[in-house]
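**Q** dropping the sequence and predicted coords here.
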Amino acid sequence: MHGQQDTRQPTLFIPHGGGPCFFMDWNPADTWAGMGRFLRGLASTLPQRPSAIVMVSAHWLEPQFRLTGHPRPELIYDYYGFPQHTYELTYPAPGAPTLAGELAEMLNAAQLPAQVDPERGYDHGMFIPLKLVFPEADIPVLQLSLRSDLDPAAHLAVGRALETLRERNILIIGSGMSFHNMRAYGDARFGPVSDEFDDWLTRAVQSPAAERERLLTDWAAAPQAYQCHPRGHEEHLIPLLVAAGAGGAAPGLKIYSERVMQTTISAFRFD
């Protein structure tokens, strides 16, 4: 019989691209091709098919943590100015209302106030990447919001509170972007800037757990931090902190890195 370590799910921090980027034409045509290949290959790296997914998206911020509780969440097309067909994409994954209630209790018990939202749908930070990772849309998904104060310590704590889910074959995914300065994409001057921050972030993630938490709690002190995540708009980095908090004792690992639109974008895994 295999040990728990063989079947425990990892936690992931993945990039979700720009809007519905994988489902439209770009110039150059291969702008998002490498990221798309990475996402399409991700399921094959897991120890087994997850029984459920907890997805933390950069695109849901609330004053307190909230969890999707609808049994069949609709899609929220929260991107603007894209071709009409991208507003007709589908991802009919079932919700996980019972699990949502359980997680709300777990977070409240950990002094992290949380509520179930019975109506909210899936935003594009969830359905765009999951259309590539699990295209069958047959695994129940529960979305967890960020807290709008974007407090690093609180999001690491949420991850720690959810770590035991991994033993139950539940996959925790943080969906964001390791570099997210909208004005900088496509600007070659930000290549070295993104590299400097990415090098720091990689060292932080790959540090022993206690050091990793210390560094990520103070991520704003990293070189080029606010050039890569402008102050007040760091929501695309914070899902990484939830994944890291749930990552347990093992150091994290960079599993993808690529120059996209002149900036370095990376993904990380915690086993």
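**A** Good, I have the coordinates.
**Q** now for the longest helix that the chain contains, which elements pack on it?
**A** The residue-count maximum for a helix in the chain (DSSP state H) belongs to helix 190-205. When contacts are defined as 3 or more CB pairs under 8 Å, 6 or more residues apart in numbering; DSSP states H and E, helix 190-205 sits against helix 209-217, helix 225-228, helix 238-245, strand 253-260, strand 263-270. Quick note: C-beta positions are derived from backbone N, CA and C, even for glycine.
**Q** export the ones you listed to CSV and tack on distance to Pro94?
**A** Shown next, in CSV, are those (distance: least, CB to CB, whole Å):
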stretch, distance to Pro94
helix 209-217, 32
helix 225-228, 36
helix 238-245, 22
strand 253-260, 27
strand 263-270, 25
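**Q** where are the low-confidence patches of the protein?
**A** 1-6 (pLDDT under 70).
**Q** mind listing what's buried along the lengthiest strand in the chain?
**A** Across the chain, the longest stretch assigned as strand under DSSP state E is strand 52-62. For strand 52-62, the neighbour count (16 or more other CB atoms under 10 Å) marks Ala52, Ile53, Val54, Met55, Val56, Ser57, Ala58, His59, Trp60, Glu62 as buried.
**Q** could you identify the helix or strand that succeeds that strand?
**A** Counting by DSSP states H and E, the element after strand 52-62 in chain order, helix or strand, is strand 65-68.
**Q** name the helices or strands packed onto the next helix or strand after that following strand?
**A** Per DSSP H and E, the first helix or strand lying C-terminal to strand 65-68 is helix 97-109. In terms of contact count using 3+ CB pairs under 8 Å, 6+ apart, helix 97-109 is assigned the packing partners strand 52-62, strand 65-68, strand 114-117, strand 141-147, helix 152-162.
**Q** so which of the ones you listed comes closest to Phe134?
**A** strand 52-62 (7.7 Å; CB to CB).
**Q** that closest one pairs with which strands, parallel or anti?
**A** Strand 52-62 pairs in its sheet with strand 141-147 (parallel), strand 170-176 (parallel), by DSSP bridges.
**Q** could you export those as a markdown table, including mean neighbour count and distance to Ser257?
**A** A markdown table is the format used below for those (neighbours: other CB atoms under 10 Å; distance: least, CB to CB, whole Å):
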| stretch | mean neighbour count | distance to Ser257 |
| --- | --- | --- |
| strand 141-147 | 25 | 24 |
| strand 170-176 | 28 | 15 |
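**Q** mind putting these in TSV, distance to Gly36 included?
**A** Output for the strands paired with strand 52-62, formatted as TSV (distance: least, CB to CB, whole Å):
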stretch	distance to Gly36
strand 141-147	20
strand 170-176	15
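**Q** which of those sits closest to Lys254?
**A** Comparing those by CB to CB, strand 170-176 comes nearest, at 14.2 Å.
**Q** by how many degrees do the closest one and helix 238-245 diverge?
**A** 150 degrees (axes from the mean of the first three to the mean of the last three CA atoms, to 10 degrees).
**Q** for Leu142, find the nearest of the helices and strands packed on helix 190-205.
**A** Here helix 238-245 is closest among these (CB to CB), at 13.0 Å.
**Q** sorry, back to before: would you mind finding the most buried of the helices and strands packed on helix 190-205?
**A** Ranked by average neighbour count under the criterion mean count of other CB atoms under 10 Å, the helices and strands packed on helix 190-205 are headed by helix 238-245 at a mean of 29.
**Q** on that earlier part again, what does the longest helix of the chain contact?
**A** With contacts defined as CB atoms under 8 Å, 6 or more residues apart in numbering, helix 190-205 is touched by 178-179, 181, 184, 211-212, 215-216, 219, 222-225, 227-228, 240, 244, 251-254, 257, 259, 262-266, 268.
**Q** and that helix, how far out from the chain middle?
**A** 18 Å (CA atoms, centre = their mean, to the nearest Å).
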